[in-house]
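J.: Here you go, sequence then predicted model.
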Amino acid sequence: MNATLSVDGHVALLTLENSPLNIITAGMRPHLVAAITKVAADPEIRALVVTGAGERAFCAGADLNEEADLTPETVRRFLDDDCEIYDGLENLPIPVIAAINGHCMGGGLELALSCDIRVAADDALLRAAGVRVGLVVSTTRMTRLAGPAVAKDVILTGRTFTGAEAKSLGIVARSVPRADVLTTAMDTAREIAGRAPLAVRRAKQAIGEALDLPYAEAMERELQHFAELSATEDHKHAIAAFFARQTPQFKGR
């Protein structure tokens, strides 16, 4: 079991490798955390894609054998270890794209919800499995993403739904044939990586602030981001490139 990180230009690919269902185990967690930490420390990486090895699963959740052994004394540490992964992805300053190439259930769904953009196979199977095993999962991220009506539908029933339905519910951004999932996610990442990196980071931050702050404060933060970015080399270069009818080459300055 492992989690491998590869970098091509300004785009990184993080792959969960724990055949056949890419479940997150105690042995895999340190690899995931190390990969996320490496991405966070590399200023040249402008977008990250997360996927699962093989064609069967993105991530089918945590190891139920490990969960069965939890006690009131150990459960919180278990959850904290998981949150180090989920929060680590969500808090990256760069956009993170989930390439959901198959089963995406329980902790795997939470992993996908921790990403900024989700691309799913139209026949992928997704499930918020908590109530099926007597637990609560994904209520916060799912509600913020898709709203309380959708969250209640998929979480309270614990039903399985496809990537195509996830698109109609607003849970994923794109639903494509399974063979096209990773290509679509990587193309999206490269498109983002071609934009002004300081602006992309600030835009992600501002969207988070729009969720967390009162309207007036969020709008003030948006205007501050605009004003500060207007002084960057990238902005000045983009304006000059526009009038010269050239494609800008952003440097992150």
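T.: Now that the structure is in, tell me what you want to look at.

J.: per-domain residue ranges of the chain.
T.: Domains of the chain are assigned by automatic domain parsing as 2-193, 197-243.

J.: Residue 49 belongs to a helix?
T.: No. Residue 49: not assigned to a helix; according to DSSP: H, G, I helix; E, B strand; the rest coil it is strand.

J.: quick one: the strands in the stretch 101-250 of the chain?
T.: Counting by DSSP state E, counting those that start in this stretch, the stretch 101-250 of the chain has these strands, from start to end: 103-105, 117-121, 125-127, 160-162, 174-176.

J.: Export the domains of the chain as a markdown table, with columns for mean neighbour count.
T.: (Each C-beta comes from the backbone N, C-alpha and C, glycine too.) As requested, the domains of the chain are exported to a markdown table (neighbours: other CB atoms under 10 Å):
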| stretch | mean neighbour count |
| --- | --- |
| domain 2-193 | 19 |
| domain 197-243 | 14 |
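
J.: hang on, the earlier thing: now mean pLDDT and distance to residue 228 too, for the strands of the stretch 101-250 of the chain, in CSV please.
T.: Shown next, in CSV, are the strands of the stretch 101-250 of the chain (pLDDT from 0 to 100; distance: least, CB to CB, whole Å):
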stretch, mean pLDDT, distance to residue 228
strand 103-105, 97, 37
strand 117-121, 98, 25
strand 125-127, 98, 39
strand 160-162, 98, 42
strand 174-176, 98, 32
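
J.: Make JSON lines from those and add distance to residue 246 to it.
T.: Converted to JSON lines, the strands of the stretch 101-250 of the chain look like this (distance: least, CB to CB, whole Å):
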{"stretch": "strand 103-105", "distance to residue 246": "41"}
{"stretch": "strand 117-121", "distance to residue 246": "28"}
{"stretch": "strand 125-127", "distance to residue 246": "43"}
{"stretch": "strand 160-162", "distance to residue 246": "43"}
{"stretch": "strand 174-176", "distance to residue 246": "30"}
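
J.: pLDDT-wise, which helix or strand of the protein ranks last?
T.: Ranked by mean pLDDT, DSSP states H and E, the helix or strand of the chain with the weakest confidence is helix 64-68, at a mean of 76.

J.: and for that helix, what are the contacting residues?
T.: 25-26, 78, 133 (CB atoms under 8 Å, 6 or more residues apart in numbering).

J.: Take these and keep only those in helices.
T.: If you go by DSSP state H, the contacts of helix 64-68 have residue 78 in helices.

J.: how about the contacts of helix 64-68, which pair is most distant?
T.: With CB to CB as the measure, no two of these lie farther apart than 26 and 133, at 18.3 Å.

J.: Residue 226: which of the contacts of helix 64-68 is nearest?
T.: Distances from residue 226 to the contacts of helix 64-68, taken by CB to CB, are shortest for residue 78, at 42.5 Å.

J.: Need the three-state assignment for the residue nearest to that closest one when sequence neighbours are not counted.
T.: Spatial nearest neighbour of residue 78, chain neighbours left out: residue 70 (5.7 Å); criterion: CB to CB, 6 or more residues apart in numbering. Under three-state DSSP, the three-state class of residue 70 is coil.

J.: I'd say residue 70 and residue 76 touch.
T.: No. Shown here, residue 70 and residue 76 do not form a contact pair, counting by CB atoms under 8 Å, at 9.4 Å.
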